[in-house]
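>>> pasted the sequence and its predicted model underneath.
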Amino acid sequence: MLSASSIAIGLTSPFLANMVSSSSFDNPPSSPDAEASDADLSWDYLNPFVIQATVGPADIDSYQHANNSVYVRWFDECARQHSLAVGIDTEEASELGYGMAVRESRITYHASAYLNDTILIANWIVKNDRKLRATRHFQIIRPSDGATLARADINYICINIASGKPSKMPPAFREKYGASIDTD
């Protein structure tokens, strides 16, 4: 889970609607950047699910930019918030004995994020076999200049938490993770 110092979560469906902030952020960011529309940003696909984060001091490494491990945390938080938005509470799912575990990650870093940058982390479910596997595509954009900072494709596999072994997706996962987008 991301620390309150590094992220203010804004849930969207389709884009930055119903902004919700974490307890450390009393108000959502009010800069013009935070009010950007889909048309202003170059998303990889239509209708992204987006959360907003602010780069905090704990995110900065010795090169004075956000460390690459922080991007992985941001991707994970975006996936968790998306799951919650479609009705899959990860805590409840784990109590039922199932979860979606990362099998493979491919990340391409395009530009750096710096202290106090506001960033938008988006994801789409681009593949879902409705049996065992799903793939999410992620993109991080800095709205102040429209730069794409990173892209990732993360493959997930449904597991039985008790055994740790792959398991067929339960009906809730098949239904709520739904149709993937057409990436062809």
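Done, it's in.
>>> show me which strand runs longest in this protein.
Ranked by residue count under DSSP state E, the longest strand found in the chain is strand 147-160.
>>> what's that strand packed up against?
The contact analysis (3 or more Cβ pairs under 8 Å, 6 or more residues apart in numbering; DSSP states H and E) places strand 147-160 against helix 68-85, strand 98-109, strand 133-142, strand 165-166. The way it works is simple: take the backbone N, C-alpha and C, and place the C-beta from them, glycine included.
>>> could you dump these to CSV with mean neighbour count and distance to A150?
Listed next are the helices and strands packed on strand 147-160 as CSV, based on neighbours: other Cβ atoms under 10 Å; distance: least, Cβ to Cβ, whole Å:
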stretch, mean neighbour count, distance to A150
helix 68-85, 19, 5
strand 98-109, 15, 5
strand 133-142, 22, 5
strand 165-166, 12, 28
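>>> alpha carbons of the worst-scoring helix or strand of the chain on mean pLDDT, as PDB, please.
Using mean pLDDT, DSSP states H and E, the weakest-scoring helix or strand in the chain turns out to be helix 90-96, at a mean of 85. In PDB, the C-alpha atoms belonging to helix 90-96 read as follows (Å, rounded to 0.1, in the frame of the first residue of the first chain):
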ATOM      1  CA  THR A  90      -8.800  -7.400  -2.600                       C
ATOM      2  CA  GLU A  91      -9.200  -8.000   1.200                       C
ATOM      3  CA  GLU A  92     -12.600  -9.700   0.700                       C
ATOM      4  CA  ALA A  93     -11.200 -11.700  -2.300                       C
ATOM      5  CA  SER A  94      -8.300 -13.000  -0.200                       C
ATOM      6  CA  GLU A  95     -10.800 -14.000   2.500                       C
ATOM      7  CA  LEU A  96     -12.600 -16.000  -0.200                       C
END
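>>> for the longest strand of the chain, buried residues please.
147-159 (16 or more other Cβ atoms under 10 Å).
>>> was I right about L149 contacting I141?
Yes. The pair L149 / I141 is scored as a contact, 6.9 Å apart, by Cβ atoms under 8 Å.
>>> where does the protein have low pLDDT?
The model of the chain has pLDDT under 70 over residues 1-39, 179-180, 182-184.
>>> change it to 80
Within the chain, the segments meeting pLDDT under 80 span 1-40, 178-184.
>>> for it, which residue is closest to the average position?
What sits nearest the mean C-alpha location of the chain, by Cα atoms, centre = their mean, is C78, with 2.1 Å.
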